[in-house]
Each structure stands twice: as C-alpha cells, then as structure tokens.
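Visitor: just the structure for this:
(chains A and B)
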Amino acid sequence: MTSNHITSLHIRSVPVLDQDEALDFYTTHLGFEIRDDIDLGFMRWLTIGVPGQDSSLLLELVGGPQHDEATAAQVRELVTKGALGGLFLVSSDVHATYAALRDAGVEITQEPVTQPYGTDFGIRDPFGNLIRINQFNDATPAEVEAGYDAARA
Amino acid sequence: MVELTSREDTHRRMLRARDEMDRRYAEPLDVPTLARIAHLSASQFGRVFKEVYGETPHRYLQRRRVERAMTLLRQTDRPVTDVAWDVGFASLGTFSRTFSNVVGCSPTEFRARHLPVAVPSCFIATWTRPRQSGGTVVSEKRDGADAD
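Guide: Just a heads-up that it's a prediction; the model follows:
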C-alpha cells in the first residue's frame, strides 16, 4: 500500500455568494485571519484560516468560469437550501463561543449539546453553509465508546 | 449584503424554517409559526416547502423525529414509550406505526439490532435520517406542522 506522499490538508473550498460578506462573517464572528486576498483578474483568490493553524479555507465565489450559468444557478440554490457540506471547527470554550455568536445574531441551528466526545452546537453562515463548533473533552476514544455504552447501561 | 434571486431568497427562508423544525422537533410546532419564519402565509408554506425540499413539512418533521428516536433507541436504555414522548409523539401507537412505516421494523427490533456509534451527532442525524422515499405518511394528531 502506498501513502502517495500526502502530508496534510492545505486548502478546502467553501462556496460563497459574496466574498466580502463571507470575509466579514468568518473574520468578525469566527476569528479567522486573511491568508491571501489577491485579485487575479479572472478571480479573487481569497483564503482565510484559523490563527496558528496551517490549513486554509478558500472563500470561492459561486459562478466562476468552471460553471456555466445554469450550473452556477444550481449551485447557488443548493447552498441557499443548505444542501452542500459543512465545516467542523473546534473551540477552547464552546459555551463562550455560542453566547458570542448568539448575541451577535448569527443563525443558530442547534444549541450546545453534551456528547461523549465533547460539547458542540451548530450555526449557518450568511449563505446557508452549515458550521459545527465543538469543544472536545479529555476522553480517549475508548472512553468515548464507554460513554455511549454507559448511556445504554 | 449579497443580492439573492427571488428563488435563492425563498430557499434561504425555507432553510431557516427547516432549521427551526430540526431544533424544536419535539415541540408541537404549528404551520403559522414556521410560516412566519419563512415570511410566508400559512397557506403558502406547505406548498413552497414541498417545492424546495420535495416533501411536506409534516413528513419532514416525521423523519426528523424518527431519526432522533433511532438515536435514542441506539444510545440509551430509555423505555420506548419515553422515547416516543421525547421526540414529540403524543401516543405510543402513532409512534410505533410511524417508526415501523419509515424504518421497516419496530422500535424494539431496531434497538436490538443497533449499537451506539462514536461519530459526531450531526453526522449521525444526517446519515441515519430515513429517506424521503421510505414508507408512507402516517397521521400524527399532535403535530401542528401537517400542512400536507
């Protein structure tokens, strides 16, 4: 079996309908920092990341030349109806993060829930993309399994 | 603020209403409440929801409740009657009929066959949600969101 020499996840694309609005949301509310903001002429290369972490998000405007108009319209519709994927973020204080986002008027999809692996809640970005925010507890994988088992005992 | 087309704006508003159903699935939600979230009249809401998501709000809520019941059956030892109540059904009979209709086996049989799994709960919710094509709609008197 080969490893293909892949060492890390570098950039992950998030479909957005307005890059300025996306940038404001992800930096103001979620604390991301700008990595690149480059006008390439044919597109605005806009990447952001969590401070101190290498991987980035590409805030990719739906409707580039890779899509014809009909396909771009379909993707926009999928984003706005919440049918595309999502992000999983980690917080060091999930309740504080939740309170700040709630007070700022961010759309909450689920309040914090205690899970065997930690505590998490859900929000949506301005366009409909789902974001889950979790604070892991100190449980080992075996303890997480035991937590599920204990719930049934 | 991004300019959405009328259709995209409708999707975004319906998504907010659907998120409310996801969040408050155990409560007796009524159509006027959901319609207000979507900025639609109660009479329009059911029709537009079905256009966007391919099923009625009532059916969506049923699948959401059954999905939650599946999780509780898998991960807790709560009695089936309590599970039924926890996820928003007013009677054990309706719950059992709906569950069997959607999942294909009784709640007790389902519990015996499935063990807890250690992955994020939102993924369990998404991927264990019964498909839209499963079974037929079972009437639920307590539901308010049954504007079929």
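
Visitor: show me chain B divided up by domain.
Guide: The record's domain split for chain B, according to automatic domain parsing, is B:1-54, B:62-135.

Visitor: for the ones you listed, which one sits closest to residue A:145?
Guide: domain B:62-135 (5.5 Å; C-beta to C-beta). C-beta here means a position set from N, CA and C on the backbone, and glycine is covered the same way.

Visitor: and that closest one, how far out from the chain middle?
Guide: 11 Å (C-alpha atoms, centre = their mean, to the nearest Å).

Visitor: ranking the domains of chain B by mean pLDDT, which is last?
Guide: Mean pLDDT per stretch puts domain B:62-135 lowest among the domains of chain B, at a mean of 85.

Visitor: and the helices in chain A?
Guide: A:19-24, A:69-80, A:94-103, A:141-152 (DSSP state H).

Visitor: need the ones you listed in TSV with mean pLDDT and distance to chain B, can you?
Guide: What follows is those, written out as TSV (pLDDT from 0 to 100; distance: least, C-beta to the nearest C-beta, whole Å):
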stretch	mean pLDDT	distance to chain B
helix A:19-24	97	5
helix A:69-80	92	4
helix A:94-103	98	13
helix A:141-152	75	3
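
Visitor: could you dump the ones you listed into JSON lines and include mean neighbour count and distance to residue B:44?
Guide: Output for these, formatted as JSON lines (neighbours: other C-beta atoms under 10 Å in any protein chain shown; distance: least, C-beta to C-beta, whole Å):
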{"stretch": "helix A:19-24", "mean neighbour count": "17", "distance to residue B:44": "28"}
{"stretch": "helix A:69-80", "mean neighbour count": "16", "distance to residue B:44": "18"}
{"stretch": "helix A:94-103", "mean neighbour count": "16", "distance to residue B:44": "29"}
{"stretch": "helix A:141-152", "mean neighbour count": "14", "distance to residue B:44": "42"}
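
Visitor: of the ones you listed, which is nearest residue B:37?
Guide: Using C-beta to C-beta, these put helix A:69-80 closest to residue B:37, at 15.1 Å.

Visitor: may I have that closest one exported as CSV, CA atoms only?
Guide: Taking C-alpha atoms only, helix A:69-80 is exported to CSV below (Å, rounded to 0.1, in the frame of the first residue of the first chain):
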residue,chain,number,x,y,z
GLU,A,69,-24.8,29.9,-15.9
ALA,A,70,-27.3,27.1,-15.4
THR,A,71,-24.9,25.1,-13.2
ALA,A,72,-23.9,28.2,-11.2
ALA,A,73,-27.6,28.9,-10.5
GLN,A,74,-28.0,25.3,-9.4
VAL,A,75,-25.0,25.5,-7.0
ARG,A,76,-26.3,28.8,-5.6
GLU,A,77,-29.7,27.1,-5.0
LEU,A,78,-28.0,24.2,-3.3
VAL,A,79,-26.1,26.5,-1.0
THR,A,80,-29.1,28.5,0.0
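
Visitor: show the contacting residues for residue 37.
Guide: Since you didn't name a chain, this refers to chain A. Residues near residue A:37 by C-beta atoms under 8 Å, 6 or more residues apart in numbering or on different chains: A:23, A:44, A:45, A:46, A:47.

Visitor: the intended chain is chain B.
Guide: B:13, B:16, B:17, B:20.

Visitor: likewise for residue B:34?
Guide: Residue B:34 touches B:17, B:20, B:21, B:45, B:57, B:145, counting by C-beta under 8 Å, 6+ apart.

Visitor: next helix or strand past the helix or strand that contains it?
Guide: Residue B:34 belongs to helix B:31-37 when assigned by DSSP states H and E. Downstream of helix B:31-37, the next assigned helix or strand under DSSP H and E is helix B:42-53.
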